[in-house]
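A.B. asks: Sharing a model that was predicted from the sequence below.
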Amino acid sequence: MRTNPRRRQFLRGAAGFTLAIPFLESLQSERHARAEPLGPPKRFVAMTTAHGAIWGSNMYPGDGMLTDQMNYKGRTIKSGALVPQLNGSTASLSPVLTADASKLTAAIAAKLNVVRGLDIPFFIGHHGGGHLGNFAASDEDLPFGKIPTIDQIMAWSPSFYSDLATILMRSMNVGTGVFSYLGEYQISWGWSNPQTQSGSVDGLALEHSSMSLFEKIFVPPDETGEPERPLIVDRVLEDYNRMRSGNKRLSTSDRQRLDDHLARLDELERKLNVQVSCGDITPPTKDSSDVYDSNGYFLDAQKHGEYWSLFNDVIVAAFACDTSRIATMEALEQFSAFAGDWHNDVAHQGHLADGDAQETLWTAQQLFFEGVFLDLVNKLDAVQEADGSTLLDNTLVQWTQESGPLALYSLSHPVITAGAAGNFFRTGSYVDYRNMNTPFESDLPTNEVVHTGILYQQWLSNVLQAMGVPTSEFDAGGGGYGVMHVDPYWADLYPSAVMQGLNEGLPFLKA
């Protein structure tokens with residue numbers, strides 16, 4: 001650990017802005033310093049890409065990397081160190097997990113995890129909510145309702161945000177958000193009244209402009225010396241209480257709408273009173289919206305990477321300034337020049353043995369890994385905290401795809417992570433939780449057998465706990481996070497041991 005951490009680190013982003021960040025704890029507000037636990041705060045980023053359907057041989061490292069094993073939940077699970085293979089200027093863990101050697105260094109690989117064998121144990125179809133636990137946000141008619149996603153559990157948890165003195169946005173939700181065949185594709189879902197955890201569960205609005213997001217996470221200090229304005233909530237509270245309590249015609253749903261509205265006003269008032277001090281910032285000069293609107297965007301993978309890199313810069317700035325600690329990123333771009341019907345002619349042909357559609361799919365995911373995932377990971381790792389760790393060390397970045405190797409099925413749902421979440425997770429490992437004695441019938445080539453694993457709900461519970469959220473805040477008694485449901489005709493693939501202990505720390509991953 002460094003004994004003389006530098007007072008400021010300089011972050012230069014793709015948008016052309018430079019951020020000078022003070023990290024000394026003495027520069028925090030007194031209230032913030034008292035309330036925060038020792039050490040830097042934890043942060044969470046969820047990246048998602050559409051479709052998936054990447055064969056295991058293209059997505060994961062080879063079995064030769066799995067050097068350790070143990071018995072767990074009725075199967076032999078395996079793990080091994082992530083060691084990039086160099087070929088000239090390219091470093092590779094698998095065909096998808098390949099990048100320029102300057103981006104996928106041995107040091108960065110030591111901060112990654114590649115997790116195989118995490119299952120959503122029913123047919124989920126096309127979905128946005130499944131990535132973070134709202135499995136009902138799908139195009140399937142599932143026999144249960146919507147629940148908030150884990151990012152929103154964190155965002156409104158007093159354990160995650162023990163003090164909001166500097167927080168301008170509880171969570172940043174970015175993306176374009178529309179699939180032609182699915183309509184609105186949202187991964188982040190929360191209560192309409194999150195303060196009381198009541199009302200409807202709705203998809204959160206998405207930010208499409210990186211410059212607009214920057215303006216929300218950085219507000220210059222008020223140097224006018226003008227007196228404080230009266231609270232917005234105080235102005236309307238008397239009228240609110242009179243209408244809510246005295247109007248007998250007010251329906252239950254309208255009463256909930258009034259409660260939701262006042263809660264939003266209360267949160268707005270809180271943000272207006274936030275005092276931020278995070279050094280000198282030169283605003284970005286380029287906006288993601290301009291890239292998105294540029295000629296040829298939809299078939300230009302380089303522009304797709306540039307679009308998301310601009311958001312990465314803002315996310316790093318928000319984390320460094322401590323004006324937000326959560327980000328979700330919905331990347332629906334196909335990262336390919338394919339000009340036909342991507343959905344039907346590529347994504348749903350990835351199982352064909354000729355491998356043509358499969359190559360188009362995995363090549364697109366590789367471009368996302370290198371241009372977006374590793375872009376953010378390296379930027380987070382370049383910013384040092386007061387204790388000598390980096391932003392990445394205290395963050396969990398997870399990348400998931402809509403499906404596992406079978407389109408529409410989230411069996412062996414790939415989970416690629418970076419960061420230790422403040423030493424909660426061990427890193428630098430390829431981990432395989434599959435049960436090699438329970439094959440799943442599929443139409444993939446014979447050398448691409450799908451095997452069932454353990455439940456994704458256990459992973460989501462581990463993520464919440466990694467962020468400091470105790471199980472008492474999210475577990476209604478069934479264990480894990482997310483509705484417990486198994487398709488009846490899959491029941492034999494998931495023995496009782498798999499359904500139990502869903503709040504346990506995951507072997508090979510929990511530090």
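C.D. replies: Yep, it's here.

A.B. asks: give me the low-pLDDT residue ranges for the chain?
C.D. replies: Low-confidence segments of the chain (pLDDT under 70): 1-38, 177-184, 220-250, 255-282.

A.B. asks: can you do 50?
C.D. replies: 1-11, 18-36, 180 (pLDDT under 50).

A.B. asks: Quick check on residue 324: phi, psi?
C.D. replies: phi -160, psi 160 (degrees, to the nearest 10).

A.B. asks: go on, the one 4 residues further on?
C.D. replies: Its backbone dihedrals place residue 328 at phi -120, psi 140, with angles given as degrees, to the nearest 10.

A.B. asks: For it, grab the count of nearby residues.
C.D. replies: 24 (other Cβ atoms under 10 Å). Yep, even glycine has a C-beta here, placed from its N, CA and C like the rest.

A.B. asks: for residue 477, same thing?
C.D. replies: Other residues close to residue 477 by other Cβ under 10 Å number 4.

A.B. asks: In stretch 195-204, which residues are buried?
C.D. replies: 199, 201, 203-204 (16 or more other Cβ atoms under 10 Å).

A.B. asks: okay, now the domains of the protein?
C.D. replies: Residue ranges for the domains of the chain, per automatic domain parsing: 41-207+324-499, 231-272.

A.B. asks: tell me the most buried of those domains?
C.D. replies: domain 41-207+324-499 (a mean of 20; mean count of other Cβ atoms under 10 Å).

A.B. asks: Let's see the distance spanning that domain from one end to the other.
C.D. replies: Taking Cα to Cα, to the nearest Å, the first and last residues of domain 41-207+324-499 lie 32 Å apart.

A.B. asks: ok, back up a step: which of the buried residues of stretch 195-204 fall in strands?
C.D. replies: Mapping these onto strands (DSSP state E) picks out 199, 201, 203.

A.B. asks: The second one: what's it in contact with?
C.D. replies: The contact partners of residue 201, by Cβ atoms under 8 Å, 6 or more residues apart in numbering, come to 134, 145-148, 189-192.

A.B. asks: Tell me which of those residues fall in helices.
C.D. replies: Residues of the contacts of residue 201 located in helices (DSSP state H): none.

A.B. asks: part of a helix, is residue 345?
C.D. replies: Yes: per DSSP: H, G, I helix; E, B strand; the rest coil, residue 345 lies within a helix segment.

A.B. asks: Quick check: the gap between it and residue 309.
C.D. replies: Distance of residue 345 to residue 309, computed by Cβ to Cβ, to the nearest Å: 29 Å.

A.B. asks: what do you get for residue 454?
C.D. replies: 34 Å.

A.B. asks: now the contacts of residue 201 in CSV, with distance to residue 476?
C.D. replies: Below are those laid out as CSV (distance: Cβ to Cβ, whole Å):
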residue, distance to residue 476
134, 15
145, 13
146, 15
147, 10
148, 12
189, 17
190, 17
191, 15
192, 20
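
A.B. asks: Closest one of those to residue 504?
C.D. replies: Nearest to residue 504 among these, counting by Cβ to Cβ, is residue 147 at 21.2 Å.

A.B. asks: Now the closest one, what are its backbone angles?
C.D. replies: Phi and psi for residue 147, reported as degrees, to the nearest 10, are phi -130, psi 160.

A.B. asks: my guess is it contacts residue 133, does it?
C.D. replies: Yes: Residue 147 is within contact range of residue 133, at 6.8 Å (criterion: Cβ atoms under 8 Å).

A.B. asks: Find residues that contact each of the two.
C.D. replies: residue 482.

A.B. asks: what are the ranges of the helices in the stretch 151-300 of the chain?
C.D. replies: Using DSSP state H, counting those that start in this stretch, the helices assigned to the stretch 151-300 of the chain run over residues 210-217, 232-246, 252-272, 288-292.

A.B. asks: Put the alpha carbons of the first one into PDB.
C.D. replies: Extracted C-alpha coordinates of helix 210-217, given in PDB (Å, rounded to 0.1, in the frame of the first residue of the first chain):
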ATOM      1  CA  SER A 210     -23.400  11.400 -22.100                       C
ATOM      2  CA  MET A 211     -23.200  15.200 -21.800                       C
ATOM      3  CA  SER A 212     -26.600  15.300 -20.200                       C
ATOM      4  CA  LEU A 213     -25.500  12.600 -17.800                       C
ATOM      5  CA  PHE A 214     -22.300  14.600 -17.000                       C
ATOM      6  CA  GLU A 215     -24.400  17.700 -16.100                       C
ATOM      7  CA  LYS A 216     -26.400  15.600 -13.700                       C
ATOM      8  CA  ILE A 217     -23.500  14.100 -11.900                       C
END
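
A.B. asks: Are there helices or strands packed against that helix, and which ones?
C.D. replies: strand 172-175, helix 288-292, helix 301-321 (3 or more Cβ pairs under 8 Å, 6 or more residues apart in numbering; DSSP states H and E).

A.B. asks: Could you list the buried residues of it?
C.D. replies: So for helix 210-217, counting by 16+ other Cβ under 10 Å, buried means 210-211, 213-214, 216-217.

A.B. asks: helix, strand or coil for residue 329?
C.D. replies: Assignment for residue 329 (three-state DSSP): strand.

A.B. asks: Please name the nearest non-neighbouring residue to it.
C.D. replies: residue 47 (4.7 Å; Cβ to Cβ, 6 or more residues apart in numbering).

A.B. asks: Partner strands of the helix or strand the one you found falls within and their direction?
C.D. replies: In this structure, residue 47 is located in strand 43-49 according to DSSP states H and E. Sheet pairing of strand 43-49 (DSSP bridges) gives strand 326-331 (parallel), strand 395-401 (parallel).

A.B. asks: next one: the next helix or strand after the last one to chain centre, how far?
C.D. replies: Translated: strand 395-401. Using DSSP H and E, the next helix or strand after strand 395-401 towards the C-terminus is strand 415-418. On the basis of Cα atoms, centre = their mean, to the nearest Å, strand 415-418 sits 10 Å off its chain's mean C-alpha point.

A.B. asks: In a markdown table: the helices and strands packed on helix 210-217, plus distance to residue 125.
C.D. replies: Formatted as a markdown table, the helices and strands packed on helix 210-217 follow (distance: least, Cβ to Cβ, whole Å):
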| stretch | distance to residue 125 |
| --- | --- |
| strand 172-175 | 20 |
| helix 288-292 | 27 |
| helix 301-321 | 25 |
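
A.B. asks: And the helices in the stretch 1-150 of the chain?
C.D. replies: 30-35, 56-59, 106-109, 150-155.

A.B. asks: wait, which of those is closest to residue 377?
C.D. replies: Here helix 106-109 is closest among the helices of the stretch 1-150 of the chain (Cβ to Cβ), at 6.4 Å.

A.B. asks: helices and strands around the closest one, which ones?
C.D. replies: Short answer (3+ Cβ pairs under 8 Å, 6+ apart): helix 106-109 packs on helix 374-381.

A.B. asks: Just want the angle from the helix it packs on to strand 43-49.
C.D. replies: Angle, helix 374-381 to strand 43-49, by axes from the mean of the first three to the mean of the last three Cα atoms, to 10 degrees: 170 degrees.

A.B. asks: Only C-alpha atoms, please: export helix 374-381 in CSV.
C.D. replies: This file holds the C-alpha atoms of helix 374-381, laid out as CSV (Å, rounded to 0.1, in the frame of the first residue of the first chain):
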residue,chain,number,x,y,z
LEU,A,374,-12.2,-3.4,-21.0
ASP,A,375,-12.4,0.3,-21.8
LEU,A,376,-14.2,1.0,-18.5
VAL,A,377,-12.2,-1.5,-16.6
ASN,A,378,-8.9,0.1,-17.5
LYS,A,379,-10.2,3.6,-16.9
LEU,A,380,-11.4,2.6,-13.4
ASP,A,381,-8.1,1.0,-12.7
